[in-house]
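# Sequence first, then the predicted structure:
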Amino acid sequence: MSSAPVAVFDSGVGGLTVVSALRRELPGEDILYLGDTARVPYGGKTRQTIERYSEEIARMLVGEGAKIVVVACNTASALALPRLRETLDVAVEGVITPGVLAALAATRSGHVAVIGTKATVGSGAYERALRSSRADIRVTSMACPLLVPLIEEGLLDDPITDAVLARYLEPLRECDADTLVLGCTHYPLLAAAIARWAGSGLTLVDSAANCARAVGDLLDRSGLRAPAGRLGSLHLGFTDPPDRFLEVAGHALGLDTASAELRRVPPLGQ
Ligand code: DGL
């Protein structure tokens, strides 16, 4: 079982930030990635829809032999994690708890800001997780729906993106939040632009890197880490041919995306 692949899924290409972190942290693991490009974005959809899409994908990957499932999407982690943990026979790791633990370790002022999609911010998942670990934490959450399309257009270093970021992040000028959780798997690609805007006073918490460390811990705890000395493989699948963003992300993240395949996700019950 320890030689079985780690399944990773996202609504599209953004979850490759988690894949890249997993490849660095756990180079011996085989990774089976599914990006649901046919149905992206999840960020404006309802809980029922996000649960259904997530369960369909996770079941397919577990059916292909995955030893654990990593939900490399903040929106699916915020809305579908309880359902996946209830219905799957393998362990499931999301991106929210690892990001929350890193934010709590980083903040000195006790005020944490979170940015994400409308669905993630609307779910209140980050506030709940932050407050359940530290009752007096203050949280400022901001939905930033324009960032995903800007990133997908490859505008990672562009005055338009800088202007949109400045508008969204304006509330941070007025408060003492000292830690910003990048609560969307696309956002690590904007880390440099956000750091330019924020200067050194704001610690950025990248949920991808923290998730990869949490997956390593989970594999160790369950005795599922791949045997030492092996070199893991990467299989990328997408439900619709990905556009130029796959190249942009692959290049920015140092991943070989050339062998990506087109996949069909069976509906539940088939
Ligand atoms: N991957 C999603 C997330 O991390 C962003 C893209 C979407 O809206 O589907 O929240």
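Good, I have the coordinates. Note that the structure is a prediction, hence the values are computed from the model and not measured. Numbering: from 1, shown residues only.
# roughly how far apart are Thr87 and the ligand?
Here the criterion is CB to the nearest ligand atom, to the nearest Å. By it, Thr87 lies 21 Å from the ligand. All C-beta atoms are positioned from the backbone trio N, CA, C, and that covers glycine.
# who's in contact with that residue?
Going by CB atoms under 8 Å, 6 or more residues apart in numbering, Thr87 touches 55, 59.
# pLDDT score assigned to it?
For Thr87, the model assigns a pLDDT of 96.
# now Gln270
Model confidence at Gln270 (pLDDT) stands at 67.
# Name the residues of the stretch 1-150 of the chain found near the ligand, please.
When proximity is defined as CB under 6 Å from any ligand atom, the stretch 1-150 of the chain approaches the ligand at 10-12, 14, 40-43, 73-75, 116-117, 120, 148.
# which stretches of the stretch 51-200 of the chain form strands?
68-71, 91-93, 111-116, 138-143, 179-183 (DSSP state E, counting those that start in this stretch).
# can you give me the helices for the stretch 1-150 of the chain?
Secondary structure of the stretch 1-150 of the chain by DSSP state H, counting those that start in this stretch: the helices cover 16-25, 47-63, 74-87, 96-106, 118-123, 125-133, 147-152.
# Kindly provide the distance from the residue of the chain found nearest the ligand to His186.
Residue nearest to the ligand within the chain: Gly43 (2.7 Å; CB to the nearest ligand atom). Distance of Gly43 to His186, computed by CB to CB, to the nearest Å: 9 Å.
# try Leu61
Using CB to CB, Leu61 is found at 21 Å from His186.
# So which of these two has more stuff around it?
The residue with more neighbours, out of Leu61 and His186, is His186; 30 against 25, by other CB atoms under 10 Å.
# Give me the average confidence score over stretch 245-261.
pLDDT averaged over stretch 245-261 gives 87.
# who's in contact with that stretch?
12-14, 16-17, 19-20, 23, 151-154, 156, 189, 234-238, 242.
# how about it against the ligand, any contact?
No: Stretch 245-261 stays clear of the ligand (CB under 6 Å from any ligand atom), getting no nearer than 11.0 Å.
# What's the end-to-end length of that stretch?
Using CA to CA, to the nearest Å, the end-to-end distance of stretch 245-261 comes out at 15 Å.
# Name the residues of it that are buried.
Across stretch 245-261, burial judged by 16 or more other CB atoms under 10 Å covers 245-246, 248-250, 252-253, 255, 257, 260.
# now these as CSV including secondary structure?
Output for the buried residues of stretch 245-261, formatted as CSV (DSSP: H, G, I helix; E, B strand; the rest coil):
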residue, secondary structure
Phe245, helix
Leu246, helix
Val248, helix
Ala249, helix
Gly250, helix
Ala252, helix
Leu253, helix
Leu255, coil
Thr257, coil
Ala260, coil
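# next SSE after the lowest-mean-pLDDT helix or strand in the chain?
Lowest mean confidence among the helices and strands of the chain (mean pLDDT, DSSP states H and E): helix 244-253, at a mean of 85. Going down the chain from helix 244-253, the next helix or strand is strand 261-262, by DSSP states H and E.
# List the strands paired with that following strand, with their directions.
Here strand 261-262 is paired, per DSSP bridges, with strand 234-238 (parallel).
# report the angle between the axes of the strand it pairs with and helix 47-63?
Going by axes from the mean of the first three to the mean of the last three CA atoms, to 10 degrees, strand 234-238 is angled at 140 degrees with respect to helix 47-63.
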